[in-house]
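> Compute the structure for the input listed below.
(chains A and B)
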There are 2 protein chains.
Amino acid sequence: MRTTTYPTVNEANQAVIDKISSSTPFLVDVAPAHHVMEALGERELLHAGPPIAYSEMTGPMQGSCIGALLFEGWASTAEEAERMLKAGDIRFKPCHSVDAVGPMGGITSMNMPVLVVKNKAENNTAYCILNEGIGKVLRFGAYSEEVVERLVWMQTILGPTLSKALGQLPEGLNLNVLVARAITMGDEFHQRNIAASALFLKELSPYIVGLDIPAEQKQEVIQFLADTDQFFLNIAMAMAKAVMDGARTIESGTVITAMSRNGRDFGIKMSGTGDEWFTAPVNTPEGLFFSGYSQEEANPDIGDSAITETFGVGGMVIVAAPGVTRFLGAGGFEDALAISNEMTEISIAHNANFSIPTWDFKGACLGIDARKVVETGIAPIINTGIAHKNAGVGQIGAGTVRAPLACFEKALEAYAKKLNLID
Amino acid sequence: MRTTTYPTVNEANQAVIDKISSSTPFLVDVAPAHHVMEALGERELLHAGPPIAYSEMTGPMQGSCIGALLFEGWASTAEEAERMLKAGDIRFKPCHSVDAVGPMGGITSMNMPVLVVKNKAENNTAYCILNEGIGKVLRFGAYSEEVVERLVWMQTILGPTLSKALGQLPEGLNLNVLVARAITMGDEFHQRNIAASALFLKELSPYIVGLDIPAEQKQEVIQFLADTDQFFLNIAMAMAKAVMDGARTIESGTVITAMSRNGRDFGIKMSGTGDEWFTAPVNTPEGLFFSGYSQEEANPDIGDSAITETFGVGGMVIVAAPGVTRFLGAGGFEDALAISNEMTEISIAHNANFSIPTWDFKGACLGIDARKVVETGIAPIINTGIAHKNAGVGQIGAGTVRAPLACFEKALEAYAKKLNLID
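Reported below is the predicted structural model:
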């Protein structure tokens, strides 16, 4: 616990956002989860959002759990996996509790490869599993043979290859630089990562080609990266987590340091209240659905990916990604601009590291202030994928959702109590 | 000569822009220039812009000629090359006269590899040399040993490798699709091609990695593509040339089908007047200069790259690339929007193939109408690199320049004569 105190909340908040804007996140490795997260072992799973028991999880997260047990070989059939999960044979922890984040269900097990992002400014590290691409994927609750086979390929080929390629970069990959470029190319790093993913391929492919591994493995990996337009999302998540955790070293003020959803509850953390979650029931995203699906089948909001909005990108800067507004059912350019302008009302400043040409070169949002959220009644907007509410189906659309205001009210109340302002 | 006639100029123009918007350009190969351009042989050079003699060329184009003679081995020293050029030992043709375009000096010789773009809708083909990257490069008039060595590498390694990779795509690379994606990612395809270049790498790299060639060649080629953010410019130029030449099959109307500059004259071609050039003295671009250089050292406007503006992108749609406005000294987002809106006053329509999110999803410009240019006095704006006026120096900045109005007036006058409207 730091002992530094600040005369005012504003000064504390300034210290927090200074930590955010001076952070230096580098992608340094891809490693098996249990090699870098000591707290993750046998018969243990990480999940997205604030703490939740298996019985309380919604369909997609339960489906992901089944897939993870099959991948790890802890169960050999979906039925056996479900039995074990219901019997309480598997321990659960939030990703956030072990310096990690996970998309959608967020289910992470010990042998999955994870991205390792180091915030050199604070010497802290964050982790996130790799993006599996689109279609039937674990993060949306699918667990068919195809899903598990892809996870095995990611464990045995993709992860080790990326690790070797990153090993050729003495400093790792400077993510501030890559994000600064990609934000001028229509990415907002939640629903749209096509530019950052292409730039990532551009940075890594010369090293991958130069590795002393079989040629077909190089080709498989480069093809997968070329095909996976959202590959960078998980890197952006680990980056945002590393940055926000670096900023959490200032244990004062009202800056939101995490936003996440477990499918039941939306949870936030705030700088002045440390590790405590403040939760409220999640909303269900609205948006556009793939052919054959509709709003009624949408799972409530889920995943740690709202760490991107916490960091100040994603829905907060949809003005940077007008190309995605239609996909999210969020209108045209003027609508995108209006949303981002609204988000500045709850943000403390602009992040000069990430200048947005379509916003007349203003920087990304920097520091969501819980006080401003409560005072204005403007909840942060989150761009998100939409999962089917049943296990095993997967993604059915994409849209936007608002964080529930009650989380922010609770956090402020707790902070006031901590400061002895109220009983 | 087609015999189809149109009752009105508007109907003729509609037929021309229909050809533009229904064109289907594919990058199908990279080949030595003389393999695909029969008209290009020994002791011959192609140059940018309307016809010009060596003695009339400005410094950068003369420098490029010297480099080309050294590359081809027609001369062994710069002095010898210059002597031959001054003595008239080398024949010159405009790139445009042999279905080609060339950036800046546009100097193209028989053994340089060229991009081969086929417009399948009209079964015509266009060519452009490969982008050499930045720094000391032939197109800006540099001809040092480093420049010639790079040209030899492009001839022996880069060209053949790209040819083999493209040979793996049965249809070639669909450029409409690639440009449609990249225009949502902040490219305008003249000064900014970073997204398209990254997408090109994304498309080609899996095939390059799979080729049966030495591993170090794969690595060299992928590294070069990864490092060369303007690589796609030359592809965009060949694409635009293939599209505009396909549209020139309609030999009626007042749609501009080529704009180009040889460093002395700005020349245009118009649909109703076929192959005839209409020229006027070029302007000198204004913009921002690299450290140590200034406006006084700027060469007048030069290069065939204004074929991109002719096609309706480049400066015409700077609204798509707000990230580049500052680099060109063209202001912020509102300035970019104002320029593109102004360009719609001289354009016939929007090209629905290339929807621009930052323009509220309006398409790129489609069809510059010479009548509108003359009526409004609004000259097309061109984004361009700026060469040093002396041979051998290279690029010193980037900026914008306007086409001279006199070209458009001359073209309309000639067309009126052709139609017997005036004597």
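> What pLDDT is listed against A:Thr4?
If you check A:Thr4, the pLDDT there is 59.
> how's chain A carved up into domains?
As recorded under automatic domain parsing, the domains making up chain A are A:24-235, A:251-418.
> Residues of the stretch 251-400 of chain A that sit close to chain B?
Applying Cβ under 8 Å from any Cβ of the partner chain, one finds that the stretch 251-400 of chain A approaches chain B through A:321-323, A:325-326, A:332-334, A:357-361. Every C-beta, even on glycine, is put in place using the N, C-alpha and C of the backbone.
> could I have stretch A:325-343 exported to PDB, CA atoms only?
C-alpha atoms of stretch A:325-343 as PDB (Å, rounded to 0.1, in the frame of the first residue of the first chain):
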ATOM      1  CA  THR A 325     -20.400   2.200 -36.700                       C
ATOM      2  CA  ARG A 326     -22.700   0.600 -39.200                       C
ATOM      3  CA  PHE A 327     -21.700  -2.900 -38.200                       C
ATOM      4  CA  LEU A 328     -22.700  -2.000 -34.600                       C
ATOM      5  CA  GLY A 329     -26.000  -0.400 -35.600                       C
ATOM      6  CA  ALA A 330     -24.600   2.900 -34.400                       C
ATOM      7  CA  GLY A 331     -25.300   5.100 -37.400                       C
ATOM      8  CA  GLY A 332     -23.100   7.300 -39.500                       C
ATOM      9  CA  PHE A 333     -20.100   9.500 -38.900                       C
ATOM     10  CA  GLU A 334     -22.000  12.200 -37.100                       C
ATOM     11  CA  ASP A 335     -23.400   9.600 -34.700                       C
ATOM     12  CA  ALA A 336     -19.900   8.300 -34.000                       C
ATOM     13  CA  LEU A 337     -18.700  11.800 -33.400                       C
ATOM     14  CA  ALA A 338     -21.600  12.500 -31.100                       C
ATOM     15  CA  ILE A 339     -20.900   9.400 -29.000                       C
ATOM     16  CA  SER A 340     -17.200  10.100 -28.600                       C
ATOM     17  CA  ASN A 341     -18.000  13.800 -27.700                       C
ATOM     18  CA  GLU A 342     -20.400  12.500 -25.100                       C
ATOM     19  CA  MET A 343     -17.700  10.300 -23.700                       C
END
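> Tell me which residues are up against it.
Residues from elsewhere that reach stretch A:325-343 (Cβ atoms under 8 Å, 6 or more residues apart in numbering or on different chains): A:191, A:286-288, A:315-322, A:324, A:358-359, A:365, A:378, A:380-381, A:383, A:398-400, B:357-361.
> In strands, which of these appear?
Using DSSP state E, the subset of the contacts of stretch A:325-343 located in strands is A:286-288, A:365, A:381, A:383, A:398-400.
> Wait, A:Arg264 touches A:Ala280, no?
No - applying Cβ atoms under 8 Å, one finds A:Arg264 not in contact with A:Ala280, separated by 10.2 Å.
> Pull up the distance across stretch A:290-310, start to finish.
One end of stretch A:290-310 to the other measures 28 Å (Cα to Cα, to the nearest Å).
> just checking, which of the residues of the stretch 251-400 of chain A next to chain B belong to helices?
Mapping these onto helices (DSSP state H) picks out A:322-323, A:325, A:333-334.
> In those, find the pair that's most separated.
Longest distance between any two of those is 14.6 Å, between A:Gly323 and A:Glu334; criterion Cβ to Cβ.
> Which residues of the stretch 51-200 of chain A lie near chain B?
Within the stretch 51-200 of chain A, the positions adjacent to chain B are A:181, A:184-186, A:194-195, A:198-199 by Cβ under 8 Å from any Cβ.
> Just the buried ones from the residues you listed?
A:181, A:184-186, A:194-195, A:198-199 (16 or more other Cβ atoms under 10 Å in any protein chain shown).
> and of those, the nearest to A:Glu82?
A:Glu82 lies nearest to A:Ile194 out of these, by Cβ to Cβ, at 36.4 Å.
> Let me see the contact set for the closest one.
By Cβ under 8 Å, 6+ apart, the residues touching A:Ile194 are A:186-187, A:229, B:181, B:185.
> what bits of chain A have low per-residue confidence?
Scanning chain A for pLDDT under 70 picks out the ranges A:1-4, A:327-330, A:422-423.
> Pick out the residue closest to the middle of chain A.
A:Ser305 (2.6 Å; Cα atoms, centre = their mean).
> Check whether it really touches A:Leu233, as I assumed.
Yes - between A:Ser305 and A:Leu233 a contact is recorded at 6.9 Å, counting by Cβ under 8 Å.
> what residues are shared contacts of those two?
A:103, A:190.
> Kindly confirm my reading that A:Gly363 forms part of a strand.
Yes - applying DSSP: H, G, I helix; E, B strand; the rest coil, one finds A:Gly363 inside a strand.
> How much space separates it from B:Ile318?
From A:Gly363 across to B:Ile318, the span is 22 Å (Cβ to Cβ, to the nearest Å).
> Which among the ones in helices among the residues of the stretch 251-400 of chain A next to chain B count as buried?
Among these, the ones that count as buried by 16+ other Cβ under 10 Å are A:322-323, A:325, A:333.
> If we only consider these, which is nearest to B:Ala31?
Within those, proximity to B:Ala31 (Cβ to Cβ) peaks at A:Gly323, which comes in at 34.7 Å.
> Who are the contact partners of A:His34?
Residues touching A:His34, when contacts are defined by Cβ under 8 Å, 6+ apart, comprise A:40-41, A:110-111.
> neighbour-wise, which of these leads?
Within the contacts of A:His34, most neighbours by other Cβ atoms under 10 Å in any protein chain shown means A:Leu40, with 25 neighbours.
> how close does the residue nearest to the centre of chain A get to B:Glu216?
Relative to B:Glu216, A:Ser305 is positioned 40 Å away (Cβ to Cβ).
> Next, count neighbours for A:Gly392.
Neighbours of A:Gly392 (other Cβ under 10 Å): 20.
> Identify the residue spatially nearest to it, adjacent ones excluded.
Among residues not flanking A:Gly392 along the chain, A:Gly63 sits closest, at 4.9 Å (Cβ to Cβ, 6 or more residues apart in numbering or on different chains).
> now A:Ala258
Spatial nearest neighbour of A:Ala258, chain neighbours left out: A:Lys269 (4.0 Å); criterion: Cβ to Cβ, 6+ apart.
> List the buried residues of the strand or helix carrying A:Ile17.
A:Ile17 belongs to helix A:9-21 when elements are defined using DSSP states H and E. If you call a residue buried by 16+ other Cβ under 10 Å, then helix A:9-21 has these buried ones: A:9, A:12-17, A:19-21.
> of the residues you listed, closest to A:Phe311?
A:Ile20 (7.4 Å).
> For chain B, what's its nearest residue on the stretch 201-350 of chain A.
A:Pro322 (3.5 Å; Cβ to the nearest Cβ).
> OK, contacts around the residue nearest to that residue when sequence neighbours are not counted?
Nearest non-adjacent residue to A:Pro322, counting by Cβ to Cβ, 6+ apart: B:Pro357, 3.5 Å away. By Cβ under 8 Å, 6+ apart, the residues touching B:Pro357 are A:186, A:321-323, A:325, A:333, B:184.
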